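Participant: Provide a 3D model corresponding to the input given below.
(2 chains)
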Amino acid sequence: MKYLTEFRDPELARWLLDAIAATASRRWTLMEVCGGQTHAIIRHGLDQLLADQVEFIHGPGCPVCVTPLEMIDRALAIAARPEVIFCSFGDMLRVPGSGTDLFSVKARGGDVRVVYSPLDAVHLAEAHPDRQVVFFAVGFETTAPANALAAVTARRRNLTNFSMLVSHVLVPPAMSAVATAPGNRVEAFLAAGHVCTVMGVEQYEPLVAEHRMPIVVTGFEPLDLLDGVRHAVEQLEAGRAELANAYQRAVQPEGNPAARKILAEVFTVCDRAWRGIGTIPNSGWRLADAWRDFDAEIRFDVGGLTVAESAACRSGAVLQGLIRPPDCAAFGTSCTPRRPLGATMVSAEGACAAYFQYRRLAPAGAAATPGSPGPAAGLQT
Amino acid sequence: MADTADMAGWACPAPLRDYQRIVLGHGGGGVLTGELIEHLFLPAFAAGSSTTRRDPTSAMADTALADTALADAAVLAVGGIRLAFTTDSYVVRPLFFPGGSIGELAVHGTVNDLACRGAVPLALSAGFILEEGLELDVLGRVAQAMGRAAAAAGVRLATGDTKVVERGLADGLYVNTSGIGLVPPGVDVRPDRAAPGDRIIVSGPIGEHGIAVLSVREGLEFGGDVHSDTAALHGLVAAMLAATVPGVHALRDPTRGGLATALCEVAAAAGAGIEFTESAVPVPPVVEAACGFLGLDPLHVACEGRLVAFVAAADADAVLAAMRAHPAGRDAVVIGSVTAEHPGVVVARTAFGGNRIVDRPLGEQLPRIC
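Facilitator: Predicted structure coming up:
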């Protein structure tokens, strides 16, 4: 499979692992920014293979995890309205709001549909002129161009029944927040390759200069990740802090000019609340003023919601690398993918979910009894 | 929400929640389905089970209820013989997909559930729920597909039922088939017989059915040369049992939830651990590619014509040879073994030398693929 199996080659991986081991004189602390990278690292066991050279701190680059609770609650309120067809990527359906989730809204009669492209939502709006079609536009710079294209397409087709609930977030401001957080231990970043595919790499030059930390643009397959680690470790060992691109087959320095053009037209930078972190200045996109007629927050009166976050889960400490997911008392006990306490346990890209899925240890007494139904329930729920 | 960034105070908790209504995931064959069976159906059904006629001398009698919940089919002792009994409903969308239709699935799926108890399928029932407005031509094509599949499998479609609901209350048509089969003397195939030391054999490439259905799903048409693997497996099972009766401990057809779910369920039932080598699992390139861009794990994608066998180590070579000599098992391969370590937990060794836990998907990954 072109661009897939080549980058999962065990022999090349061994060569890269040996090269990293030969270079590293001590254990370095790296943050892979994107949740997709976290998932690949854990799934393929790269953290185990690099245990002596690298500690991975799992970054905030999981759109499901960082979408603020009030935005989830707005989505739930809009989705429950009878005139609305609410369209979302599948991941968001399970994210708990203050009281419920989109799956439950759907079960109670809400017209919630999983789409694979925002243009599918535009097509639904065309097919159902008597309904209001709302697309939940979440994610980082990666998903934003297609969402912008949906707005452009809807305007071109004079659709008045299409709108978007926008909660886009931007990676570089989050990396700055990590780098400047008190007690930060991250020594180098593996930047999110797919974000750079869209935006290019120039945004990271100021971060490298300001924080004196290596930033390596890194892909998502095992060899991509190992190559990113190798670049980072080489710089750290040499005392250098530079911007490097270890994902050149996908990332051009200027990014994708067509995508950046449409993004600049449709969206405008705004302050954005990150779930559990708080507001990071200039860290999000909202619809630009010329596109506010497609803004679902304006079209539907969903202000004045009272959100209910408790302070039970410790995902902040997880994201800072102060603890690993299993170090949290709730991990695998009161907090599981089945009943998540925090969004990091919900998403497939969330660090806690990745650990639960691939690394949790069998709790004592979980041994199954032959013939009894569901003896593994203690492990799985 | 704080006004300023507070990384240390990151807390994204939501209240503990539970579903008070059925959500799609309850039908996904994963964790939610399991909870429904364990916490709703089994307690409700247990009261009536004591009145079920069972042969008190049967070894199965005292485990009949758990047996029903965990295995692909129940085995009931009736007089001096043992009957395997199972039921399955088919709601796949679209009704026709590359390599088959809901008709073939409705026959093969139920035949395979019987086969996974080592039973020789005898007869099936066919219950139809039809939506008002369904074209007769569509129903006719489905019925003919069922007839052909049953004839090829050597089972009778012996009884049936038809109901019609108002337009909008069903999606075209749904089919339920129940099946009975005869368990040959001496055959005892059930998930809890898997034991440490057993070799784990997969009968062929995984994931083709789920990807074939997805490839023609509205809004997702990605083409590609992939066909459902739907097939009846009782012939393959008979060939395996001809190699050894006592050595075939457990069989599972990895449908909803894929190979991962099949392995997890057997590990749970047997109270044993499972270890397998990820690179040994045959994943066709088209399945790997489709999973790559859809964000799916091939281990979670359904098959409809594959089985995974747990075979005593001493008999593994003979069973593998028998499988490879049969058309439905020519690509059979050993992927791992059962271990006394980490009971109930399935561990994959990655191609790079790491390892990871393999779990069932929580709910539905691909709705209505069978």
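
Participant: what does the domain assignment say about chain B?
Facilitator: What the record gives for chain B is the domain set B:54-182, B:191-358, from automatic domain parsing.

Participant: Make TSV from the ones you listed and add mean neighbour count to it.
Facilitator: From N, CA and C alone the C-beta is placed, and that goes for glycine too. Shown next, in TSV, are those (neighbours: other CB atoms under 10 Å in any protein chain shown):
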stretch	mean neighbour count
domain B:54-182	19
domain B:191-358	22
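
Participant: Hmm, residue B:275 is touching residue B:349, no?
Facilitator: Yes: at 6.8 Å, residue B:275 counts as touching residue B:349 under the criterion of CB atoms under 8 Å.

Participant: coming back round to it: least reliable of the domains of chain B by average pLDDT, please.
Facilitator: Across the domains of chain B, domain B:54-182 has the smallest mean pLDDT, namely a mean of 89.

Participant: what's residue A:258 in contact with, if anything?
Facilitator: By CB atoms under 8 Å, 6 or more residues apart in numbering or on different chains, residue A:258 lies in contact with nothing.

Participant: got the CA positions of stretch A:179-186 in CSV?
Facilitator: Only the C-alpha atoms of stretch A:179-186 are listed here, as CSV (Å, rounded to 0.1, in the frame of the first residue of the first chain):
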residue,chain,number,x,y,z
ALA,A,179,6.0,26.0,26.6
THR,A,180,5.3,28.9,28.9
ALA,A,181,3.3,27.0,31.5
PRO,A,182,4.8,27.0,35.0
GLY,A,183,6.6,23.7,35.6
ASN,A,184,6.8,22.8,31.9
ARG,A,185,9.0,19.8,31.2
VAL,A,186,8.7,19.6,27.5
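
Participant: Can you say which of the domains of chain B is nearest to chain A?
Facilitator: For these, the distance to chain A is smallest for domain B:191-358, at 1.4 Å, taking CB to the nearest CB.

Participant: That closest one close to chain A?
Facilitator: Yes: under the criterion of CB under 8 Å from any CB of the partner chain, chain A is reached by domain B:191-358 at B:192, B:219-220, B:264, B:267-272, B:279, B:285, B:288-289, B:292, B:295, B:342-345, B:350-357.

Participant: rewinding a little: residue A:291 is nearest to which of the domains of chain B?
Facilitator: Minimum separation from residue A:291 across these (CB to CB) falls at domain B:191-358, 24.8 Å.

Participant: Straight-line length of that closest one, end to end?
Facilitator: The straight-line separation of the ends of domain B:191-358 (CA to CA, to the nearest Å) is 18 Å.

Participant: now it, how far from the centre of its chain.
Facilitator: In terms of CA atoms, centre = their mean, to the nearest Å, the centre of domain B:191-358 is found 10 Å from the chain centre.

Participant: ok, how many other residues are close to residue B:359?
Facilitator: 25 (other CB atoms under 10 Å in any protein chain shown).

Participant: Can you tell me how far it is from chain A?
Facilitator: Shown here: residue B:359 relative to chain A, a distance of 5 Å by CB to the nearest CB, to the nearest Å.

Participant: got the contact list for that residue?
Facilitator: Residue B:359 is in contact with A:357, A:380, B:260, B:264, B:346, counting by CB under 8 Å, 6+ apart.

Participant: tell me the contacts of the last one?
Facilitator: By CB under 8 Å, 6+ apart, the contact list for residue B:346 reads B:260, B:263-264, B:267, B:273-276, B:357-359.

Participant: So which of those sit within strands?
Facilitator: Among the contacts of residue B:346, the members falling in strands are B:273-276, B:357-358 (criterion: DSSP state E).

Participant: quick one: low-confidence ranges for the stretch 151-300 of chain A?
Facilitator: A:276 (pLDDT under 70).

Participant: how about the residues of it near chain B?
Facilitator: Residues of the stretch 151-300 of chain A lying near chain B by CB under 8 Å from any CB: A:177-178, A:181-183, A:222, A:273-280.

Participant: just the helices in chain B please.
Facilitator: Under the criterion DSSP state H, chain B contains helices at B:31-36, B:42-49, B:64-70, B:102-115, B:136-153, B:208-215, B:234-243, B:258-270, B:285-294, B:316-324.

Participant: In a markdown table: the ones you listed, plus distance to residue A:343.
Facilitator: Below are these laid out as a markdown table (distance: least, CB to CB, whole Å):
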| stretch | distance to residue A:343 |
| --- | --- |
| helix B:31-36 | 19 |
| helix B:42-49 | 33 |
| helix B:64-70 | 33 |
| helix B:102-115 | 37 |
| helix B:136-153 | 43 |
| helix B:208-215 | 27 |
| helix B:234-243 | 45 |
| helix B:258-270 | 24 |
| helix B:285-294 | 22 |
| helix B:316-324 | 45 |
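
Participant: Out of those helices, which is closest to residue A:137?
Facilitator: helix B:285-294 (20.0 Å).

Participant: packing partners for the closest one?
Facilitator: Applying 3 or more CB pairs under 8 Å, 6 or more residues apart in numbering or on different chains; DSSP states H and E, one finds that helix B:285-294 makes contact with helix B:208-215.

Participant: neighbouring contacts of the helix it packs on?
Facilitator: B:92, B:94, B:97-99, B:220-224, B:226-230, B:258, B:284, B:286-287, B:290-291, B:294, B:301-305, B:366, B:369-370.

Participant: Stretch B:342-360 spans what distance, first to last residue?
Facilitator: End to end - CA to CA - stretch B:342-360 spans 16 Å.

Participant: Check stretch B:84-104 too.
Facilitator: End-to-end for stretch B:84-104, by CA to CA: 21 Å.

Participant: Is that stretch in proximity to chain A?
Facilitator: No: Stretch B:84-104 does not reach chain A (CB under 8 Å from any CB); its nearest approach is 13.3 Å.

Participant: And that stretch, how far out from the chain middle?
Facilitator: 12 Å.

Participant: so how far is the first residue of stretch B:150-157 from its last?
Facilitator: So stretch B:150-157: terminal residues 7 Å apart, CA to CA.

Participant: Helices of the stretch 251-381 of chain A, start to end?
Facilitator: A:257-266, A:296-299, A:315-320, A:351-359, A:377-380 (DSSP state H, counting those that start in this stretch).

Participant: C-alpha coordinates for the longest one, CSV please?
Facilitator: What follows is helix A:257-266, C-alpha atoms only, in CSV (Å, rounded to 0.1, in the frame of the first residue of the first chain):
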residue,chain,number,x,y,z
PRO,A,257,-2.1,28.1,-0.6
ALA,A,258,-5.6,27.3,-1.9
ALA,A,259,-6.7,26.2,1.6
ARG,A,260,-5.0,29.1,3.3
LYS,A,261,-6.8,31.5,0.9
ILE,A,262,-10.3,30.2,1.7
LEU,A,263,-9.5,30.1,5.4
ALA,A,264,-8.4,33.7,5.4
GLU,A,265,-11.7,34.6,3.6
VAL,A,266,-14.2,32.7,5.7
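
Participant: List the buried residues of that helix.
Facilitator: Residues A:259-260, A:262-263, A:266 are the ones in helix A:257-266 that count as buried (16 or more other CB atoms under 10 Å in any protein chain shown).

Participant: is it possible to export these to TSV including distance to residue A:32?
Facilitator: Shown next, in TSV, are those (distance: CB to CB, whole Å):
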residue	distance to residue A:32
A:259	23
A:260	24
A:262	28
A:263	24
A:266	29
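
Participant: Closest one to chain B out of those residues, please.
Facilitator: Among the buried residues of helix A:257-266, and counting by CB to the nearest CB, the member closest to chain B is residue A:259, at 18.2 Å.

Participant: for residue 253, what are its contacts?
Facilitator: Picking chain A for this. Counting by CB under 8 Å, 6+ apart, residue A:253 makes contact with A:200-202, A:245.

Participant: Actually, chain B is the one I wanted.
Facilitator: Residue B:253 neighbours (CB under 8 Å, 6+ apart): B:72, B:109, B:112-113, B:115-116, B:233, B:262, B:303-304, B:306-308.
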